[in-house]
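Enquirer: Prediction below, plus the sequence it came from.
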Amino acid sequence: MIKVLFICHGNICRSTMAESVFTHLVTQRNLTHAFAINSAATSREEIGNPPHYGTVAKLRQVGIPVVPHRAIQMTKADYDDYDYLIGMDTANIRNMSRIAGGDSDNKIFKLLSFAGTSRDIADPWYTGNFDETYADVVEGCEAFLTYLKKNNQI
């Protein structure tokens, strides 16, 4: 089983969107048996809060079920527990590495790196643009699935 943890700053916008999108893609491909999928924050600011209403609205608009979730913070133990820790932007990656105490096993990735770009996924908390965030999340999640397939992991 491939254990994936999507991570952003607060765990209410981007990482919860990625968790729901990736879960949906995996379900569509009949691969749910092969994955454990979750999301977390690098900060404590939103701990216990549900997904942002903008994330919920965008996912509903496109017909993707919202995974029930309350914001949690990434821990050092998550580094050992998950196969892939996938951040949304450069600041997330820096904070994830700090929380994990480094990345000796090369488990930390930026989501859009799977799509061949170093671009960050903009935080819709600040931009208000959930459409752009959704497009980037889908691009990254699809590319991640392609990466796993090319590497014979699924």
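Expert: Right, received. Where do you want to start?

Enquirer: Go through this structure and flag its longest helix.
Expert: Once the chain is assigned using DSSP state H, the helix that runs over the most residues is helix 130-150.

Enquirer: Which parts of the protein are helices?
Expert: Using DSSP H, helices in the chain cover 14-28, 53-61, 76-81, 90-100, 124-127, 130-150.

Enquirer: about what we covered before: buried ones in the longest helix of the chain, by neighbour count?
Expert: Within helix 130-150, the residues that qualify as buried are 130, 133-134, 136-141, 143-145, 147-148, counting by 16 or more other CB atoms under 10 Å. Heads up, the C-betas are built off the backbone N, CA and C, glycines and all.

Enquirer: That one relative to helix 53-61, how many degrees between them?
Expert: Helix 130-150 runs at 70 degrees relative to helix 53-61, counting by axes from the mean of the first three to the mean of the last three CA atoms, to 10 degrees.

Enquirer: Begin at 32 from now on, thanks
Expert: OK, 32 is where the count begins now, so the last one is helix 161-181.

Enquirer: ok and helix 161-181 relative to helix 45-59, angle-wise?
Expert: Going by the same axes, to 10 degrees, helix 161-181 makes 50 degrees with helix 45-59.

Enquirer: ok, which pair from the buried residues of helix 161-181 is furthest apart?
Expert: Pairwise distances across these peak at 26.2 Å for Phe161 and Leu179 (criterion: CB to CB).

Enquirer: before we move on, back to that, what's the closest of the helices of the chain to Lys34?
Expert: Proximity to Lys34 (CB to CB) singles out helix 107-112 among those, at 6.5 Å.

Enquirer: And that closest one, what does it pack against?
Expert: helix 121-131 (3 or more CB pairs under 8 Å, 6 or more residues apart in numbering; DSSP states H and E).

Enquirer: now the angle between helix 45-59 and the helix it packs on, please.
Expert: 90 degrees.

Enquirer: who touches helix 121-131?
Expert: Under the criterion CB atoms under 8 Å, 6 or more residues apart in numbering, residues 38-40, 73-74, 105-107, 109-110, 116, 118, 134, 139, 141, 151 lie in contact with helix 121-131.

Enquirer: Flag every buried residue along that helix.
Expert: Those would be 123-124, 126-127, 130-131, for helix 121-131 by 16+ other CB under 10 Å.

Enquirer: which intervals of the chain have sub-threshold pLDDT?
Expert: Judged by pLDDT under 70, the chain has no weakly predicted residues.
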